[in-house]
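Novice: Below is the sequence, then the predicted model.
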Amino acid sequence: MNQQKKSIILLIFLVIVWGINWPISKIALDYAPPLLFAGIRTVIGGLILILIALPKVKELRFKQLWPVYLTSAILSIVFYYGFQTIGLQYVPAGLFSSIVFLQPVLLGIFSWLWLGESMYGLKMAGLLLGFIGVGSLSIGGLNGSISIWGIVLALASALSWALGTVYMKRNAVRVDMLWMTAMQITIGGIILLLSGSATEKWSDITWSGTFIADTMFIAVFVIALGWLIYFKLINEGEAGKVGSFTFLIPLISIGTSVVFLNEQITLNLVIGLLLIVSSIVLVNVRIGRAAKQSV
């Protein structure tokens, strides 16, 4: 199996697990406060990655690299999950998620500015089209009052995710990717857990079978494997190209919500699907042509 096929398989896995994470998390939040839930699942995911990384313990170099680990943890974990958790209290989930998935657009721009990745008309059009597609999927969440504070937090969540991804790639040469992922998730999870412990009650958690199963699934597949695959793909390919596929995540989320949460399929879903597929084609078309010409 060549590298391109492996990357496609990893991308499919990532989009699926990150997509079904939304309805699963929504179910789990019925059993636990948001920050404690975010901290528990993230710390577990980080500890799993630490166990996997132990054979390469010499590559950790914590004394030299802790500032890099801490900065990455704050951007990609603490700010991303923190802004997300708080912001969902102020605006509808659909609107909030559509704003958060402005991230691929920001990532494409930042990768062009700071990573030297190519930017051309079709790519920019594709990124914008993908965001419009996500907006179409989420337009049903516009009912009710809209809080400017919530919108600001959604934008902050998208911005922190994009900056965290760029920061990770800029430092990829200095650090071991496995330890970088393990440390940022573990440190970020500890900060979230401490924040939750200070503002929420552990006694409010219902340790049911459903909550434990959901938490472990998210910790293992969504956080540990998901973030590891995401940063591996970012490190090995164009960040903007990989980021464009994250537009599919809200689509998977809505599809699984239809199955597990009995939500309805709407015209917005169909329109959003067409726009998102078009987005990915536009972002990747020039890369595809270049690959064919080199064969």
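Specialist: Perfect, thanks for sending it.
Novice: Run the chain-centre distance for the host helix or strand of V152.
Specialist: Assigned by DSSP states H and E, V152 falls within helix 148-170. The chain centroid and the centroid of helix 148-170 are separated by 10 Å under Cα atoms, centre = their mean, to the nearest Å.
Novice: Kindly report the same for stretch 110-124.
Specialist: 20 Å.
Novice: Just the C-alphas of it, formatted as PDB.
Specialist: Extracted as PDB, the C-alpha positions of stretch 110-124 are listed here (Å, rounded to 0.1, in the frame of the first residue of the first chain):
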ATOM      1  CA  PHE A 110      -2.200  30.700   7.800                       C
ATOM      2  CA  SER A 111      -0.400  27.800   6.000                       C
ATOM      3  CA  TRP A 112       0.000  30.100   3.000                       C
ATOM      4  CA  LEU A 113       1.400  33.000   5.200                       C
ATOM      5  CA  TRP A 114       3.600  31.100   7.600                       C
ATOM      6  CA  LEU A 115       4.300  27.600   6.200                       C
ATOM      7  CA  GLY A 116       4.900  28.600   2.600                       C
ATOM      8  CA  GLU A 117       2.100  26.500   1.200                       C
ATOM      9  CA  SER A 118       0.700  27.400  -2.200                       C
ATOM     10  CA  MET A 119      -2.500  29.600  -2.500                       C
ATOM     11  CA  TYR A 120      -4.400  29.900  -5.700                       C
ATOM     12  CA  GLY A 121      -7.900  30.900  -6.900                       C
ATOM     13  CA  LEU A 122      -9.400  27.400  -6.900                       C
ATOM     14  CA  LYS A 123      -8.000  26.600  -3.500                       C
ATOM     15  CA  MET A 124      -9.300  29.700  -1.900                       C
END
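Novice: Tell me the helices and strands packed up against the helix or strand that the helix holding V152 is followed by.
Specialist: Helices and strands here follow DSSP H and E; after helix 148-170, the next one along the chain is helix 177-199. Judged by 3 or more Cβ pairs under 8 Å, 6 or more residues apart in numbering; DSSP states H and E, the packing partners of helix 177-199 are helix 34-53, helix 62-73, helix 80-87, helix 226-236. Just so you know, the C-beta spots here come from the backbone N, C-alpha and C atoms, and that holds for glycine as well.
Novice: Could you pull up the mean pLDDT of the second one?
Specialist: Computed over helix 62-73, the mean pLDDT rounds to 94.
Novice: if we can go back for a sec, a markdown table please, covering the helices and strands packed on helix 177-199 and showing distance to I20 and mean neighbour count.
Specialist: Formatted as a markdown table, the helices and strands packed on helix 177-199 follow (distance: least, Cβ to Cβ, whole Å; neighbours: other Cβ atoms under 10 Å):
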| stretch | distance to I20 | mean neighbour count |
| --- | --- | --- |
| helix 34-53 | 14 | 22 |
| helix 62-73 | 25 | 16 |
| helix 80-87 | 17 | 22 |
| helix 226-236 | 11 | 20 |
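Novice: quick one: which of those helices is nearest L113?
Specialist: Smallest distance to L113 across the helices and strands packed on helix 177-199 (Cβ to Cβ): 15.9 Å, for helix 226-236.
Novice: Tell me what angle that closest one forms with helix 177-199.
Specialist: Interaxial angle, helix 226-236 versus helix 177-199 (axes from the mean of the first three to the mean of the last three Cα atoms, to 10 degrees): 140 degrees.
Novice: What is helix 226-236 packed up against?
Specialist: Short answer (3+ Cβ pairs under 8 Å, 6+ apart): helix 226-236 packs on helix 3-28, helix 148-170, helix 177-199, helix 239-245.
Novice: got a list of contacts for that helix?
Specialist: Surrounding helix 226-236, the residues in contact under the criterion Cβ atoms under 8 Å, 6 or more residues apart in numbering are 3, 7, 10-11, 13-14, 17-18, 21, 45, 49, 76, 165, 168-169, 172, 177-178, 180-181, 185, 242-243.
Novice: out of the helices and strands packed on helix 226-236, deepest packed?
Specialist: Across those, averaging neighbours per residue (mean count of other Cβ atoms under 10 Å) puts helix 239-245 on top, at a mean of 25.
Novice: That one: what's the following helix or strand?
Specialist: Following helix 239-245 toward the C-terminus (DSSP H and E): helix 248-260.
Novice: ok so, going back, so which of the helices and strands packed on helix 177-199 comes closest to L192?
Specialist: helix 34-53 (3.8 Å).
Novice: residue contacts, the nearest residue to D176 once chain neighbours are set aside?
Specialist: Spatial nearest neighbour of D176, chain neighbours left out: E59 (3.7 Å); criterion: Cβ to Cβ, 6 or more residues apart in numbering. Listed by Cβ under 8 Å, 6+ apart, the contact partners of E59 are 53, 176, 178-179.
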